[in-house]
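[1] make a model of this:
(chains A and B)
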Protein chains: 2
Amino acid sequence: MSEGVAVMATIAKGNELLTLINVFTVEPVHQQELVELLSQATQASVRYAKGFVSASLHRSLDGAKVVMYAQWRSVEAYQAMRNTPTAAPFLQKALALAQFEPGMYEVVETFAPAR
Amino acid sequence: MSEGVAVMATIAKGNELLTLINVFTVEPVHQQELVELLSQATQASVRYAKGFVSASLHRSLDGAKVVMYAQWRSVEAYQAMRNTPTAAPFLQKALALAQFEPGMYEVVETFAPAR
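    A predicted model of the protein is given here:
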């Protein structure tokens, strides 16, 4: 999925990015299917959108949640993507499986271990 | 708070870390106070714990949520910190202000922009 390249995202104060932290609540029996749908939507569509910076997909250890942590250049860039139909088939299926709680954030501070 | 050093966290598949994504829901009038309490708890206590890797505090643009995205070496290290009393005064105040939804995750995949 990552084309053989080690892909990483960085979190830092003052990065001037919009951070989306979208929490999906799902029956554990459907967690893997939801992970695959969100992965396909991102791989096939979202990462082509203007202003997209990164997306990191997380699976909860208890099976009941999936979180997409995504970074965009601006609120406008994110909303433009949401209004394009390319990702819609995957996202419609994902929303049929899960409850979706979106949120738009900015980074206040990042903490490192004490020396 | 970050001692003049640019602190950042990185998200990557296969990092073998436990990721905590803890969502606090708060009255917007109390968001700043909650941010300060969580920041103080992390600065004064949590970052000294064994197995702590990083913590990134996020403020929602609508004022209604705060998210702590934290990385630990293991579930055991995180739980050991939760059972020590050092951070308790800050966290007790934080929990009096907010509803708290914790979650333990692993990174499934990180996506970069299409070339």
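
[2] what's the residue nearest the centre of chain A sitting at in phi/psi?
    Central residue of chain A (CA atoms, centre = their mean): A:Met68, 2.9 Å from the mean position. The phi/psi pair for A:Met68 (degrees, to the nearest 10) reads phi -100, psi 120.

[3] please name the bridge partners of it.
    A:Asn22, A:Leu57 (DSSP bridges).

[4] same thing with A:Thr110?
    Here A:Thr110, judged by DSSP bridges, has bridge partners B:Ser56.

[5] since we're on it, how many residues are nearby?
    Neighbours of A:Thr110 under the rule other CB atoms under 10 Å in any protein chain shown: 24. The way it works is simple: take the backbone N, C-alpha and C, and place the C-beta from them, glycine included.

[6] mind pulling up the pLDDT for it?
    A:Thr110 is assigned 96 on the pLDDT scale.

[7] try A:Ser2
    Per-residue confidence at A:Ser2 stands at 43 (pLDDT).

[8] for the one 3 residues further on, same thing?
    Reading off the per-residue confidence, A:Val5 sits at a pLDDT of 59.

[9] one step back: I figured the residue nearest to the centre of chain A hits A:Ser56, correct?
    Yes: under the criterion of CB atoms under 8 Å, A:Met68 makes contact with A:Ser56 at 7.4 Å.

[10] contacting residues for the residue nearest to the centre of chain A?
    A:Leu20, A:Ile21, A:Asn22, A:Phe24, A:Leu38, A:Thr42, A:Ala55, A:Ser56, A:Leu57, A:His58 (CB atoms under 8 Å, 6 or more residues apart in numbering or on different chains).

[11] try A:Ala77
    Counted by CB under 8 Å, 6+ apart, A:Ala77 has contacts A:Leu18, A:Ala49, A:Lys50, A:Gly51, A:Phe52.
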